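Trainee: Show me the folded form of this:
(one chain, ligands or ions: 1)
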Amino acid sequence: MKLTLLGTGTPVPSLKRMSSGYLLCTGDDVILFDHGPGAHHRLLEAEFSATDVTHAFISHLHFDHCADMIRLFLNRWDMGGDMVAPMKIFGPPGLQQFMDRQFGPEGAFAPDLTARIEHPMSQEMYESRGGTLPRPWPVTAVTELRESDVVEGDGWRLTLANVPHVQPYLTCYGFRFEATDGVFSYSGDSAPCKAMHELARDADVLVHICSRASVEDADPSKPADRTGHKELARLARDAGVKTLVVSHIQATLDREDIRERLIAEMGEIFEGTLIWGQDLVEIDIGEG
Ligand SMILES: [Zn+2]
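Mentor: Predicted coordinates:
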């Protein structure tokens with residue numbers, strides 16, 4: 001399978017680093033993990049379109065992880081009509097309400113959707129794309145995940161854990177994706193925790209947020225509320241990760257001198273392959 005980094009940045013707008021988004025291709029499945037602002041632009045740059053996407057997993061409902069779901073959903077419906085199967089969308093509690101508030105009959109886009117369904121000009125466009133009238137309302141059904149859930153696909157399974165971030169306001173998940181040809185783990189915005197260690201155990205590739213440079217005088221007896229670069233390197237080492245991809249990178253960490261220091265310090269702790277993430281970097285996982 002192949003991983004493409006679509007967005008390695010933060011909520012802060014950046015042309016260099018879009019907000020969170022990752023694309024995993026395995027077999028016939030085209031799977032998104034998070035889709036923050038700009039990630040959809042990168043998806044197009046990676047030569048995929050909205051209608052190619054089969055699954056989307058959302059870690060949490062911070063806008064920098066989900067705002068381009070709006071673009072993905074609308075583009076997919078607009079271009080695909082009823083000719084493509086509904087995309088399977090998974091995420092935390094609250095995701096169904098998020099979708100319905102955009103695309104439901106009372107949602108923010110309801111007048112637009114109604115116009116595209118009812119207006120003769122739009123109907124003509126729809127038919128020219130192979131659609132059959134009457135045009136159906138888009139399907140907004142999603143699967144809200146619980147920690148104990150297992151999602152299975154063609155040759156893969158996904159497990160998850162509630163990882164510490166901004167609870168109780170948002171439920172925040174980290175994911176472990178196991179396929180026949182490898183294991184991919186994704187932290188969402190996790191702070192250091194045991195659960196993330198389990199999700200990352202022996203992973204071929206772990207994509208993990210690096211929130212800051214580690215604080216040297218932090219009290220080691222207290223759990224850190226954000227993942228610094230050394231905590232991240234220790235996590236990857238202790239979990240037996242083969243390739244660690246540092247992501248969710250803020251501009252202050254990305255200055256060349258600071259970046260090189262952080263990478264060198266991480267390399268003293270973690271002996272596997274270390275990748276300082278960049279948008280549109282592709283990483284092969286396993287044989288396929
Ligand atoms: Zn977040």
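Trainee: I'd like the next helix or strand past the longest helix belonging to the chain.
Mentor: The longest helix of the chain (DSSP state H) is helix 256-269. Note on helix 256-269: by DSSP states H and E, the next helix or strand toward the C-terminus is strand 273-276.
Trainee: quick one: average confidence on that next one?
Mentor: This predicted structure assigns strand 273-276 an average pLDDT of 98.
Trainee: Same question for stretch 169-176.
Mentor: The predicted model assigns stretch 169-176 a mean pLDDT of 98.
Trainee: chain center to it, what's the gap?
Mentor: Relative to its chain's centre, stretch 169-176 lies at 11 Å (CA atoms, centre = their mean, to the nearest Å).
Trainee: try stretch 166-185
Mentor: With CA atoms, centre = their mean as the basis, the distance from the averaged C-alpha position of stretch 166-185 to the chain average is 9 Å.
Trainee: do the same with stretch 121-131
Mentor: On CA atoms, centre = their mean, the centre of stretch 121-131 falls 32 Å from that of its chain.
Trainee: got the residue ranges for the helices in the stretch 151-288 of the chain?
Mentor: Counting by DSSP state H, counting those that start in this stretch, the stretch 151-288 of the chain has helices at residues 194-199, 229-239, 256-269.
Trainee: one step back: ok and the longest helix of the chain relative to helix 229-239, angle-wise?
Mentor: Using axes from the mean of the first three to the mean of the last three CA atoms, to 10 degrees, the direction of helix 256-269 lies 30 degrees away from that of helix 229-239.
Trainee: What residues of helix 256-269 count as buried?
Mentor: Under the neighbour-count criterion of 16 or more other CB atoms under 10 Å, helix 256-269 has Leu262, Met266, Ile269 buried. (C-beta placed from N, C-alpha, C; glycine too.)
Trainee: Out of the helices of the stretch 151-288 of the chain, which is closest to the ion?
Mentor: Closest approach to the ion among the helices of the stretch 151-288 of the chain is made by helix 194-199 (14.0 Å; CB to the ion).
Trainee: For the closest one, which residues meet the burial criterion?
Mentor: Going by neighbour count (16+ other CB under 10 Å), the buried part of helix 194-199 is Ala195, Met196, His197, Leu199.
Trainee: packing partners for it?
Mentor: In this structure, helix 194-199 packs against strand 156-162, strand 173-179, helix 229-239, with contacts taken as 3 or more CB pairs under 8 Å, 6 or more residues apart in numbering; DSSP states H and E.
Trainee: residue furthest from the geometric center of the chain?
Mentor: Here the chain has its C-alpha centre computed as a mean, and the residue farthest from that point, by CA atoms, centre = their mean, is Pro120 with 37.2 Å.
Trainee: give the contact list for the residue in the stretch 101-250 of the chain positioned nearest to the ion.
Mentor: Distances between the stretch 101-250 of the chain and the ion by CB to the ion are smallest at Asp189, namely 3.6 Å. If you count contacts by CB atoms under 8 Å, 6 or more residues apart in numbering, Asp189 has them with Ser59, His60, His62, His65, Val163, His165, Val166, Cys172, Ile209, Ser211, His248.
Trainee: What residues does the stretch 101-250 of the chain have near the ion?
Mentor: Contact residues of the stretch 101-250 of the chain with respect to the ion, defined by CB under 5 Å from the ion, are listed as Asp189.
Trainee: Now do the closest residue to His35 other than its chain neighbours against the ion, distance only.
Mentor: Counting by CB to CB, 6 or more residues apart in numbering, Asp68 is the residue found nearest to His35 once chain neighbours are left out, at 4.3 Å. Using CB to the ion, to the nearest Å, we find Asp68 at a distance of 15 Å from the ion.
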